[in-house]
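> Quick one: sequence and predicted model below, then my questions.
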Amino acid sequence: MDTFISKHRINPQCVWFTVNRGCNFRCKWCYAQDTKYNASEEISIELAKELIFLIKGLKINRITIIGGEPTLWSKLLIFNKICIEEKIKTTLVTNAMRFGINGFWKKYQQYPNTKIGISIKAFDEKSMLSMAGISNFEISKKGLERVISFFKCGVSTVYNTVSSDYLIDIARFAKKCGAKSLSISLCTPAICSDSINSNFVVDPHKTVSDIVNFYPELEKITNGWLTFSMKLPLCLWPKDFIEKLVEKNQISTVCQLQQRSGLIFGTNGDLFVCNSLFDFPIGKYGNDFVDKNTLLEFLNSEEVVKIYDKLTSYPSQKCIKCPKYNFCGGGCPLFWSTYNPEKIIPGW
C-alpha cells in the first residue's frame with residue numbers, strides 16, 4: 001500500500017467550485033441542508049473566471065463543480081463554455097434531475113462538462129418522497145437515464161440511516177438506468193456554527209455489518225464495478241474483507257484533506273478544507289490571496305498548517321504505530337466530532 005497521508009508542504013492538485021446553494025432535492029442527510037438552500041446564493045461568473053485563472057497558475061486543469069445542485073446555477077453553461085475555451089476539464093456533481101427536463105437537456109448538450117458525477121438518492125416514487133422530499137420520480141429517472149447514456153458513466157450513493165436498508169434496491173435501480181458502476185460513500189457528520197449534525201450517520205458497527213452482508217449481492221449486481229469510500233478506520237472491518245477490496249481495487253480511503261491536496265472555493269471566494277466544514281472558511285480570495293504565489297504562501301503559513309495538523313492528527317494512540325495508518329488515516333476526521341475514537345478504534 002502506498003503512503004497517502006501528507007505532512008509535507010501544501011501544494012494543491014485538485015479543486016472544487018461551490019457554485020450555488022439552491023437545490024431541487026431535500027435529502028435529509030445532506031451536509032448542505034444547514035445552508036438553508038438559499039437560491040440567491042451563487043457564485044458570479046466574474047469571480048468564477050478569476051478563480052479559473054488562479055488555478056491555471058497552479059497547473060491545475062480540472063475543476064469539480066458542486067452545490068447545492070449546480071444544474072440550477074444560472075451561469076453553468078456560460079462557465080462550461082469558458083472552461084472549454086481555456087482547456088479546463090470539468091466534472092459536474094449532480095442529482096441529474098434537471099436533465100429530465102427537455103429544454104434544459106437540449107441546451108446543456110451544447111456545452112457539456114467533461115465528466116459527470118451522479119449522486120443517486122432513491123429507487124422508486126415512495127423512496128424518492130421519503131429520502132429526497134420530492135415526488136417527481138419519473139422526471140428524475142429520465143434525467144438519470146439520459147446523462148448516464150450520454151457520459152457512459154456510473155453513479156454514487158450515500159449510505160445513511162435513511163437508506164441503510166435499501167442499498168440493494170438502489171444498486172438494482174442504478175443498473176436499470178444503465179449505470180456502469182456504483183460508488184458507495186458513508187455519511188459523515190456536518191458541523192455548522194456550534195452544532196454537529198450526525199443524525200443520519202449510521203453506527204460504525206452496524207455499518208460494518210451491513211456492508212459486509214450486502215457485499216456479495218452488490219458485487220453481483222454491479223459485475224464487480226463497485227467502490228466503497230471507507231471513511232471508517234480499517235481496523236473496524238474484517239481483515240480479509242479489506243484485503244479483498246484492495247485486491248479488486250474496490251476501496252478508497254484517505255481524502256483530499258488528509259492528503260492536503262485540494263482547494264474548495266465557496267460562492268463568494270471563501271476557501272474551505274472540507275465540504276462539510278462550509279461554515280468554517282480558512283481564508284478568502286481577494287483578502288488572503290490573489291494569485292498563485294500568495295495562495296501557496298497563505299496555505300503554508302503557520303496558522304493554516306496548524307489547522308491541517310489538528311484535523312489530520314492521530315485520532316487514537318492505537319493509530320500511532322499502526323502499519324496501515326498511512327493508507328487508512330484513522331477514518332474521516334469528522335467522525336471524531338461524534339464518536340470517541342479510543343472506544344471505537346480497536347487497533348489492527
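Now that the structure is in, tell me what you want to look at.
> Please identify the buried residues of stretch 71-85?
Thr71, Leu72, Trp73, Lys75, Leu76, Leu77, Phe79, Asn80, Ile82, Cys83 (16 or more other Cβ atoms under 10 Å). Placement of C-beta: from N, CA and C, glycine included.
> Ignore what I typed, I meant stretch 153-168.
For stretch 153-168, using 16+ other Cβ under 10 Å, the buried residues are 153-164, 166-167.
> Out of the residues you listed, give me the two with the largest separation.
Longest distance between any two of these is 27.4 Å, between Cys153 and Thr161; criterion Cβ to Cβ.
> Run me through the strand neighbours of the lowest-mean-pLDDT helix or strand in the chain, direction for each.
The helix or strand of the chain with the poorest confidence is strand 190-192; it has a mean of 80 (mean pLDDT, DSSP states H and E). Applying DSSP bridges, strand 190-192 is found paired with strand 195-197 (antiparallel).
> So for the partner strand, what gets flagged as buried?
Of the residues in strand 195-197, Asn197 count as buried by neighbour count, 16+ other Cβ under 10 Å.
> So what's the model's average confidence on whichever helix or strand comes after that strand?
Downstream of strand 195-197, the first helix or strand assigned by DSSP states H and E is helix 204-222. Helix 204-222 comes out with an average pLDDT of 97.
> Could you find the closest non-adjacent residue to Leu182?
Thr222 (5.0 Å; Cβ to Cβ, 6 or more residues apart in numbering).
> show me the contacts for the one you found.
Ala171, Lys175, Ser181, Leu182 (Cβ atoms under 8 Å, 6 or more residues apart in numbering).
> Roughly how far does it sit from Phe151?
17 Å (Cβ to Cβ, to the nearest Å).
> What of Trp336?
Separation of Trp336 from Phe151 (Cβ to Cβ) stands at 36 Å.
> same question, Tyr166
Following Cβ to Cβ, the distance that separates Tyr166 from Phe151 is 25 Å.
> What of Ser229?
Distance, Ser229 to Phe151, using Cβ to Cβ: 20 Å.
> any idea of the pLDDT on Arg98?
So Arg98 comes in at 97 (pLDDT).
> how about the nearest residue to it, chain neighbours excluded?
Thr71 (4.1 Å).
> if I pick the one you found, what's in contact with it?
Leu92, Thr94, Ala96, Met97, Arg98, Phe99, Phe104, Tyr108.
> tell me the phi and psi of the residue most central in space within the chain?
Residue closest to the average C-alpha location in the chain (Cα atoms, centre = their mean): Asn275, at 7.5 Å. Here is the backbone geometry of Asn275 (degrees, to the nearest 10): phi -60, psi -40.
> For Cys21, give its distance to Cys83.
Rather than Cys, residue 21 is Arg. Taken as Cβ to Cβ, the span from Arg21 to Cys83 is 21 Å.
> how about the strands of the chain, start to end?
With DSSP state E as the criterion, the chain has strands at 14-18, 62-66, 89-94, 115-119, 155-159, 182-186, 190-192, 195-197, 226-229, 251-252, 262-265, 270-272, 283-284.
> tell me the angle the fourth one makes with strand 62-66.
I take that to be strand 115-119. On the basis of axes from the mean of the first three to the mean of the last three Cα atoms, to 10 degrees, strand 115-119 is oriented at 30 degrees to strand 62-66.
> Pull the residues that contact strand 115-119.
64, 89-96, 144, 147-148, 150-151, 153-158, 179.
> so where is the stretch 151-300 of the chain shaky, pLDDT-wise?
Across the stretch 151-300 of the chain, nothing is flagged by pLDDT under 70.
> quick one on the thing from earlier: which of the buried residues of stretch 71-85 sits closest to Trp237?
Thr71 (35.7 Å).
> wait, isn't the residue nearest to the centre of the chain in contact with Trp16?
Yes: applying Cβ atoms under 8 Å, one finds Asn275 in contact with Trp16, separated by 7.3 Å.
> shared neighbours of these two, which are they?
Common contact partners of Asn275 and Trp16 (Cβ under 8 Å, 6+ apart): Ile66, Ile264.
> follow-up on the earlier one: can you redo the contacts of Thr71 as JSON lines, where the extra columns are neighbour count and distance to Ile307?
Listed next are those as JSON lines, based on neighbours: other Cβ atoms under 10 Å; distance: Cβ to Cβ, whole Å:
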{"residue": "Leu92", "neighbour count": "26", "distance to Ile307": "29"}
{"residue": "Thr94", "neighbour count": "24", "distance to Ile307": "30"}
{"residue": "Ala96", "neighbour count": "26", "distance to Ile307": "34"}
{"residue": "Met97", "neighbour count": "26", "distance to Ile307": "36"}
{"residue": "Arg98", "neighbour count": "21", "distance to Ile307": "36"}
{"residue": "Phe99", "neighbour count": "25", "distance to Ile307": "38"}
{"residue": "Phe104", "neighbour count": "17", "distance to Ile307": "39"}
{"residue": "Tyr108", "neighbour count": "21", "distance to Ile307": "38"}
